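1. The following block contains a protein sequence and its predicted model.
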Amino acid sequence: MTTTSRREPSGHVLIVAYWFPPVRGGGIPRPVKMAKYLQRMGWRVTVLTIEADGAEDPGLSVAPARVVRVRERDMRPALRTTASALRGVRQMWEKATRPGAGGAADADLIDLGFAEDESEIEASKIGWVTPAVKAALRIHDADPVDVAVVSLPPASSGTVGWFLNRLRKVPYVVEYRDPWTVGAFWTSDANGRRRADPATRTRYAATRKLEETLLRGAAAAVIVNGSRNVERLRASFPAAMRGKPAVQIRNGVDLEDIPAPPASRATGRLRVLHAGFFYYFHSPHHVIKAMRQIQETDPGVLKDVEFEFMGGGFPDALLKASEEWGIRDNLVVTSSRPYSESLRSMSEANGLLVVLPPLESYRDCIPTKIYEYLGTGHPVLAVVAKDGAVARLLEGVPNARVADNADPDALAAGITEYLALLRQGEPSRTPDDEAPGAGHHYLHRAEELHELLGSVLTRNKNGNRGETS
């Protein structure tokens with residue numbers, strides 16, 4: 001695959017991304033970087049997103065691409081009411097059917113970072129569909145769109161591509177940053193137990209029909225997180241996906257954004273940074289419990305060590321428990337920061353931490369921050385499944401350590417070993433073209449998307465617009 005062949009197809013691409021700067025979050029850089037590098041490959045790029053307040057981060061500029069913003073209709077009261085009603089049905093069913101319900105059987109839900117799954121309804125963002133579809137049609141009528149990329153979640157973004165295809169015959173590619181109905185939270189709870197309540201079953205059946213309709217009209221699908229989700233998607237929707245490309249294009253890092261680490265660091269406390277929000281079944285409970293174990297057996301390990309959790313979602317109950325366990329002084333909880341500031345914080349830290357919960361649904365997950373971590377060249381501690389996707393990604397990466405998130409003793413030992421590594425002093429950073437992050441540059445990711453879009457345009461010219469019989 002040569003660079004020349006990758007850059008032959010070009011045209012006008014519409015990127016539909018509800019989450020876009022100045023909004024903050026882990027999924028924000030991807031559409032920005034794809035827009036940035038697709039333009040360098042000859043594409044005219046238009047981004048369709050929502051109105052949002054805030055200053056533009058210099059690291060998240062898509063200039064000279066056009067950004068079209070629409071005002072979202074406020075549907076939150078209706079969505080909250082619907083979610084609350086369905087949540088009540090589910091909870092009553094679970095209390096009535098689970099052995100020992102309401103007692104010991106449910107005690108581990110907090111430990112596992114239990115979250116209310118019906119929040120997906122409140123996060124559906126259906127209020128932006130109508131204004132976004134109208135804007136997409138105006139964009140196309142003024143400057144014909146050759147292909148659209150609709151980025152999910154929220155799944156409602158896919159509606160924009162579907163209507164654009166139906167009304168203007170524009171092919172669209174569905175990009176799954178996270179899986180939709182293939183996601184495990186539809187079928188199991190935080191304990192891994194199968195969901196069998198009427199509310200969830202009804203939602204699941206209806207939502208699968210919506211996803212099937214979206215895929216039936218699509219020209220291709222991109223899986224961002226979880227290589228196994230490519231085959232899961234094909235297996236779940238064989239008719240809708242028949243004969244269509246389905247590829248994985250992972251997240252990455254823009255090495256042009258990574259600042260150099262400081263020439264010298266202040267002596268004293270070691271600073272280990274975790275960047276990212278805790279959500280759904282995601283919680284750092286196992287890391288904090290491992291720190292408690294270390295404090296009880298060898299308190300000198302945590303002396304002058306600071307773990308900063310930046311980004312929000314850290315459970316208040318866990319922070320309170322850390323006071324009783326004697327490790328509160330080792331924890332710093334801070335809010336999310338703009339993209340450039342977050343990258344600067346990564347470069348200034350002594351070490352970097354990524355945490356995934358010990359759940360099967362996270363085994364194939366690779367958080368975006370991992371790629372940014374690799375771009376800094378700093379030592380990384382990954383609290384993840386020992387044979388999961390992150391562990392495989394870090395194989396052979398210098399100064400990367402994996403601690404098994406399902407084994408408390410192994411996790412405590414992994415943290416101890418990692419802190420010993422940091423106390424030895426950080427090795428000199430390798431040049432960017434040799435750094436572990438170089439292989440995950442967004443330039444390469446955009447080249448993959450460029451090739452896929454080119455194949456979609458070729459198939460479209462040949463009369464295959466994505467619909468299947």
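-> Arrived safely.

2. what is the mean pLDDT for the longest helix anywhere in the chain?
-> When the chain is parsed with DSSP state H, its longest helix is helix 76-97. Predicted confidence along helix 76-97 averages 82 (mean pLDDT).

3. Mind jotting down where the helices sit in the stretch 151-300 of the chain?
-> With DSSP state H, counting those that start in this stretch as the criterion, the stretch 151-300 of the chain has helices at 157-168, 198-217, 228-236, 238-241, 285-297.

4. As CSV, could you dump the C-alpha coordinates of the last one?
-> The one in question is helix 285-297. Presented in CSV, the C-alpha positions along helix 285-297 are these (Å, rounded to 0.1, in the frame of the first residue of the first chain):
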residue,chain,number,x,y,z
HIS,A,285,-11.6,0.8,43.3
HIS,A,286,-9.1,-2.1,42.7
VAL,A,287,-6.2,0.3,42.4
ILE,A,288,-7.1,2.1,45.7
LYS,A,289,-7.6,-1.3,47.5
ALA,A,290,-4.1,-2.4,46.2
MET,A,291,-2.7,0.8,47.6
ARG,A,292,-4.4,0.0,50.9
GLN,A,293,-2.8,-3.4,50.9
ILE,A,294,0.7,-1.9,50.2
GLN,A,295,0.2,0.7,53.0
GLU,A,296,-0.6,-2.1,55.5
THR,A,297,2.3,-4.3,54.5
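
5. Distance from it to the middle of the chain?
-> 27 Å (CA atoms, centre = their mean, to the nearest Å).

6. buried set for that helix?
-> Using 16 or more other CB atoms under 10 Å as the test for burial, helix 285-297 gives 285-295. Where you see a C-beta, it was placed from the backbone N, CA and C, and this is true even at glycine.

7. still on that earlier bit, out of the helices of the stretch 151-300 of the chain, deepest packed?
-> Most buried of these by mean neighbour count (mean count of other CB atoms under 10 Å) is helix 157-168; its value is a mean of 21.

8. now that helix against helix 198-217, angle please.
-> Angle, helix 157-168 to helix 198-217, by axes from the mean of the first three to the mean of the last three CA atoms, to 10 degrees: 40 degrees.

9. who's in contact with helix 157-168?
-> Residues from elsewhere that reach helix 157-168 (CB atoms under 8 Å, 6 or more residues apart in numbering): 14, 16-18, 48, 125, 129, 132-133, 136-137, 140-141, 145, 148, 150-152, 170-174, 213-214, 217-218, 465-466.

10. Stretch 308-317: end-to-end distance?
-> Distance across stretch 308-317, first residue to last, is 17 Å (CA to CA, to the nearest Å).

11. ok, now stretch 361-375?
-> Start to finish, the residues bounding stretch 361-375 are 26 Å apart (CA to CA).

12. just to revisit the earlier point, tell me what the longest helix of the chain is packed against?
-> Applying 3 or more CB pairs under 8 Å, 6 or more residues apart in numbering; DSSP states H and E, we find helix 76-97 packed against helix 119-122, helix 198-217.

13. Adding distance to M241, write the ones you listed out as a markdown table.
-> As requested, these are exported to a markdown table (distance: least, CB to CB, whole Å):
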| stretch | distance to M241 |
| --- | --- |
| helix 119-122 | 23 |
| helix 198-217 | 6 |
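
14. between those, which one is nearest to P64?
-> Across those, P64 has its closest neighbour in helix 198-217 (30.7 Å, CB to CB).
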